[in-house]
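Novice: Quick one, fold the following:
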Amino acid sequence: MLPWKRVLRPVVALLLTAAVATLPAATTASAATTAGATTAAPSRGWNDYSCKPSAAHPRPVVLVHGTFGNSVDNWLGLAPYLTNRGYCVFSLDYGRLPGVPFFHGLGPIEKSAEQLDAFVDKVLAATGAAEADLVGHSQGGMMPRHYLKFLGGAAEVNALVGIAPDNHGTTLSGLTQLLPYFPGAEDLLSTATPALADQIAGSAFLTKLNAGGDTVPGVRYTVIATKYDQVVTPYRSQFLNGPDVRNVLLQDLCPVDLSEHLAIGLFDRIAFHEVANALDPARAKPTTCASVFS
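Specialist: Sure thing, here's the model as predicted:
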């Protein structure tokens, strides 16, 4: 007989998939509204510049997509999840390379951080809020740290929530260590897709970013990781060190959650529940496997 965990995991995975189908109608409406769109999110609730933060949720939430992502597709799950809970939610496109439509997050990360800086300024001006909260997936959970550390973002940001962020780079399960064996490969990567080169463990960008400590004063940090991450490896390299940091492993909350790098950011409602807790820790509720239905 198979061990109980091996039997239970497929069953729970099926339940999680079924739960995704029960997402609020707003998710479906958003998907329909954005069919074929790549640069503008729906204006109703999400990227609604007339939205004013409430007393319960006084800060707008800025969603920062990952590499190859964009301001719409990366957030068809999480953006409605947060707007339905009363947040003013905004998302941006950044890091676009000339002649490359749809796929973003490929330009130099330092330049992308400047674009985030300008976008946060725009959101704060529109909403009248003094600070924003940032939620990013993959590169989008790491890139804002450059904005916080070097561009004055700590004065404009209350919290950064990283979903599977490559805070200390990635080895891609050891594949990046093979680059030196292919002459010219590293130079080609840096020239053609600078953001990919910046995210390799040990890159000059990451060395500068992490020098002197992972965090800056005045900002709360949350990292949500999955041990099944096949993109940012090893997965524990995602975690941050420093004050006001909470590192969360998804499987510590729900041992049978099988989400990998993409699923944790795109539709995992257990991860979403933990995002909501990070945004409003005073009203946080325990995250469990049952959170998929909340």
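Novice: Please make it C-alpha for all contacts and neighbour counts, starting now.
Specialist: Will do.
Novice: Output the longest helix belonging to the protein.
Specialist: Here the longest helix in the chain is taken by residue count, with DSSP state H as the criterion, and it is helix 109-127.
Novice: for that helix, packing partners?
Specialist: strand 89-92, helix 144-150, helix 194-198 (3 or more C-alpha pairs under 8 Å, 6 or more residues apart in numbering; DSSP states H and E).
Novice: Okay, strands next: where are they in the stretch 151-294 of the chain?
Specialist: 157-163, 220-225, 245-249 (DSSP state E, counting those that start in this stretch).
Novice: Most tightly packed of the helices and strands packed on helix 109-127?
Specialist: For the helices and strands packed on helix 109-127, average neighbour numbers computed from mean count of other C-alpha atoms under 10 Å are highest in strand 89-92, which has a mean of 25.
Novice: Which residues does it contact?
Specialist: 39, 41, 45-48, 60-65, 70-72, 79, 82-83, 116, 119, 123 (C-alpha atoms under 8 Å, 6 or more residues apart in numbering).
Novice: try it again with 7 Å
Specialist: Contact partners of strand 89-92, identified using C-alpha atoms under 7 Å, 6 or more residues apart in numbering, comprise 46-47, 60-64, 71, 79, 83.
Novice: how close does the residue lying closest to His65 once chain neighbours are set aside sit to Pro243?
Specialist: The spatially closest residue to His65, leaving aside those adjacent along the chain, is Gly140, at 5.0 Å (C-alpha to C-alpha, 6 or more residues apart in numbering). When distances are taken as C-alpha to C-alpha, to the nearest Å, Gly140 and Pro243 turn out to be 21 Å apart.
Novice: So if I had to pick from those two, which one is more boxed in?
Specialist: In this view Gly140 and Pro243 are compared by other C-alpha atoms under 10 Å, and Gly140 has more residues nearby, 29 against 14.
Novice: The more buried one touches Gly66, doesn't it?
Specialist: Yes. Shown here, Gly140 and Gly66 form a contact pair, counting by C-alpha atoms under 7 Å, at 4.7 Å.
Novice: And stretch 201-221, what's buried?
Specialist: Burial within stretch 201-221, assessed by neighbour count using 16 or more other C-alpha atoms under 10 Å, is assigned to 201, 205-206, 209-210, 214-216, 219-221.
Novice: Nearest to Gly107, out of the helices and strands packed on helix 109-127?
Specialist: helix 194-198 (5.3 Å; C-alpha to C-alpha).
Novice: Give me the mean pLDDT for that closest one.
Specialist: Averaged across helix 194-198, pLDDT comes to 93.
Novice: May I have it as PDB, with CA atoms only?
Specialist: Output of helix 194-198 as PDB, limited to C-alpha atoms (Å, rounded to 0.1, in the frame of the first residue of the first chain):
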ATOM      1  CA  PRO A 194      19.800  41.900 -18.800                       C
ATOM      2  CA  ALA A 195      17.200  41.000 -16.100                       C
ATOM      3  CA  LEU A 196      18.000  37.300 -16.500                       C
ATOM      4  CA  ALA A 197      21.700  37.900 -16.000                       C
ATOM      5  CA  ASP A 198      21.000  40.100 -13.000                       C
END
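Novice: Can you name every helix or strand that that helix contacts?
Specialist: If you count contacts as 3 or more C-alpha pairs under 7 Å, 6 or more residues apart in numbering; DSSP states H and E, helix 194-198 packs onto no helix or strand.
Novice: again, 8 Å this time
Specialist: Contacting helix 194-198 under the criterion 3+ C-alpha pairs under 8 Å, 6+ apart are the following elements: helix 109-127, helix 185-192, helix 204-210.
Novice: list the contacts for Leu78?
Specialist: Residues near Leu78 by C-alpha under 8 Å, 6+ apart: 265-267, 272.
Novice: would CSV of the residues you listed with neighbour count, distance to Pro108 and pLDDT be doable?
Specialist: Converted to CSV, these look like this (neighbours: other C-alpha atoms under 10 Å; distance: C-alpha to C-alpha, whole Å; pLDDT from 0 to 100):
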residue, neighbour count, distance to Pro108, pLDDT
Gly265, 27, 22, 97
Leu266, 18, 24, 97
Phe267, 23, 28, 97
Phe272, 25, 28, 98
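Novice: which of the helices and strands packed on helix 194-198 has the lowest average pLDDT?
Specialist: The minimum mean pLDDT among these belongs to helix 185-192 (a mean of 61).
Novice: returning to what we had before: return the member of the contacts of strand 89-92 nearest to Pro281.
Specialist: Proximity of the contacts of strand 89-92 to Pro281, judged by C-alpha to C-alpha, is greatest for Val61, which lies at 14.6 Å.
Novice: Tell me the confidence at the closest one?
Specialist: In this model, Val61 is scored at 98, pLDDT.
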